[in-house]
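Novice: Predicted model, plus sequence, below.
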Amino acid sequence: MTSLPDRQNTVALVEQAQRDGARLARACDIVGVSVRTYQRWSTPQGTCADARPDARRPVPHNKLSEVERAVIITLCNQPHYRSRPPAYIVADQADEGCYIASESTFYRVLRDHDQNHHRGRDKAPEGRRAPTTHRADAPNQLWSWDVSWLPGPICGAWWYLYLIVDVFSRKIVGHEVYAAETGELASELVEKAHWREHLALRDKPLILHSDNGSPMKAATFLQKLYDLGITPSRSRPRVSNDNAYSEALFRTLKYRPGFPAKGFANLEQAREWVLGFVHWYNTEHRHSALNYVTPDQRHSGEATSILANRRATYEQARNAHPERWPGAIRNFGLPDAVDLNPEKASHC
């Protein structure tokens with residue numbers, strides 16, 4: 001509800017704008033109220049306060065009486081019901097041929113008497129925080145990484161694939177396959193990728209996003225990030241969508257034709273296969289999210305000229321046969337910036 005001083009200030013601003021020659025609808029739109037709201041606030045007697053807090057509302061005809069509410073409280077506090085939820089109490093009373101009120105009414109009455117609280121040793125439910133949001137408008141500003149398990153030679157044996165992908169270009173900038181999942185190995189991976197991309201002399205900070213796995217939170221790994229000047233970022237617990245770029249890359253890898261779904265015979269075979277996949281993905285794979293240029297071309301900046309040549313080819317074809325092109329040619333642009341977990345608009 002809008003307080004009386006805020007109402008008076010808003011009405012005064014709109015009236016001043018009208019005296020200066022502004023239209024009513026435009027003035028109301030600028031201050032953020034509708035014309036009808038302004039008319040309701042502005043009366044011949046002056047700006048009126050909100051009457052809803054002091055309004056007298058009729059009592060619902062089906063409201064429980066105080067006696068009936070007291071019966072619910074007394075029933076819920078009986079020894080054999082005091083640790084039971086309303087759903088149990090209502091069902092048990094129904095088995096005895098007695099109906100007092102619905103489950104929601106039980107909850108409402110208990111809440112009014114401050115007797116509805118979280119119980120048990122488990123943690124009370126909490127509201128989920130908003131995801132961490134980042135934006136990259138050039139390569140090597142925002143990386144995403146994760147560890148995935150590759151099947152081994154027998155059931156229950158795994159090799160661990162470490163992958164780092166550049167969110168802006170989708171290029172795999174670092175990868176390793178190890179026999180263990182540790183913070184020390186993750187530190188080696190990040191350091192190799194950092195030097196391979198020649199980031200030692202960069203002024204702009206690099207953000208490395210990941211989930212909440214144990215290697216990502218290891219003290220050794222975090223210290224390495226600080227030494228390299230990399231800012232760590234992590235997803236919300238148990239929300240895989242917050243690290244969607246890495247998850248999508250793992251999906252592409254494991255559904256690639258030729259992936260040995262029955263397992264890699266040894267560590268060397270796994271490393272050899274992943275090396276071939278990375279080469280294909282970076283240099284040959286025409287990525288649908290990049291308008292079908294390769295991640296390497298996007299990373300190096302070649303994508304702009306390649307897409308411009310494609311556009312020229314399409315325009316030449318349309319000029320040669322305009323009757324075959326009822327609409328515009330395909331959009332060959334690429335986004336100027338890429339968002340990781342973009343914020344939703346407030347009106348959505």
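Specialist: Alright, I've got the coordinates.
Novice: what's the model's confidence in stretch 101-110, averaged?
Specialist: On average, the pLDDT along stretch 101-110 is 92.
Novice: And the helices in the stretch 101-250 of the chain?
Specialist: Using DSSP state H, counting those that start in this stretch, the helices found in the stretch 101-250 of the chain span residues 103-112, 183-196, 214-217, 219-228, 244-254.
Novice: quick one: buried residues of the shortest one?
Specialist: By that I understand helix 214-217. Of the residues in helix 214-217, those buried by neighbour count under the rule 16 or more other Cβ atoms under 10 Å are 215-216. Where C-beta positions appear, they are placed from N, C-alpha and C, glycine not excepted.
Novice: Packing partners of that helix?
Specialist: Secondary-structure packing of helix 214-217 (3 or more Cβ pairs under 8 Å, 6 or more residues apart in numbering; DSSP states H and E): helix 183-196, strand 230-234.
Novice: hang on, the earlier thing: ok, which of the helices of the stretch 101-250 of the chain comes nearest residue 151?
Specialist: Between residue 151 and the helices of the stretch 101-250 of the chain, the shortest separation by Cβ to Cβ is 9.5 Å, and it involves helix 244-254.
Novice: what packs against that closest one?
Specialist: Other elements packing on helix 244-254 under the criterion 3+ Cβ pairs under 8 Å, 6+ apart are strand 142-151, strand 158-166, helix 267-283.
Novice: which parts of the last one are buried?
Specialist: In this case it means helix 267-283. When burial is assessed from 16+ other Cβ under 10 Å, helix 267-283 yields the following buried residues: 269-271, 273-274, 277-278, 281-282.
Novice: of all those residues, which comes closest to residue 203?
Specialist: For the buried residues of helix 267-283, the minimum distance to residue 203 (Cβ to Cβ) is 25.8 Å, reached by residue 282.
Novice: Now do the contacts for that closest one.
Specialist: Neighbouring residues of residue 282 by Cβ atoms under 8 Å, 6 or more residues apart in numbering: 171-172, 294-296, 299.
Novice: Could you turn the buried ones of those into a PyMOL selection?
Specialist: In PyMOL, the members of these classed as buried (16+ other Cβ under 10 Å) are selected with the following command:
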select buried, resi 171+172+294+295+296+299
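Novice: Farthest pair within the contacts of residue 282?
Specialist: Longest distance between any two of those is 11.4 Å, between 172 and 294; criterion Cβ to Cβ.
Novice: about what we covered before: could you provide the helices and strands packed on helix 214-217 in CSV, with additional columns for mean pLDDT, mean neighbour count and distance to residue 335?
Specialist: Shown next, in CSV, are the helices and strands packed on helix 214-217 (pLDDT from 0 to 100; neighbours: other Cβ atoms under 10 Å; distance: least, Cβ to Cβ, whole Å):
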stretch, mean pLDDT, mean neighbour count, distance to residue 335
helix 183-196, 95, 18, 24
strand 230-234, 92, 17, 20
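Novice: okay if I get these as JSON lines plus distance to residue 98?
Specialist: Written out in JSON lines, the entries for those read as follows (distance: least, Cβ to Cβ, whole Å):
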{"stretch": "helix 183-196", "distance to residue 98": "61"}
{"stretch": "strand 230-234", "distance to residue 98": "53"}
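Novice: what's the closest of these to residue 223?
Specialist: Shortest distance between residue 223 and these, using Cβ to Cβ, is found for helix 183-196: 8.0 Å.
Novice: Many thanks, I have nothing further to ask.
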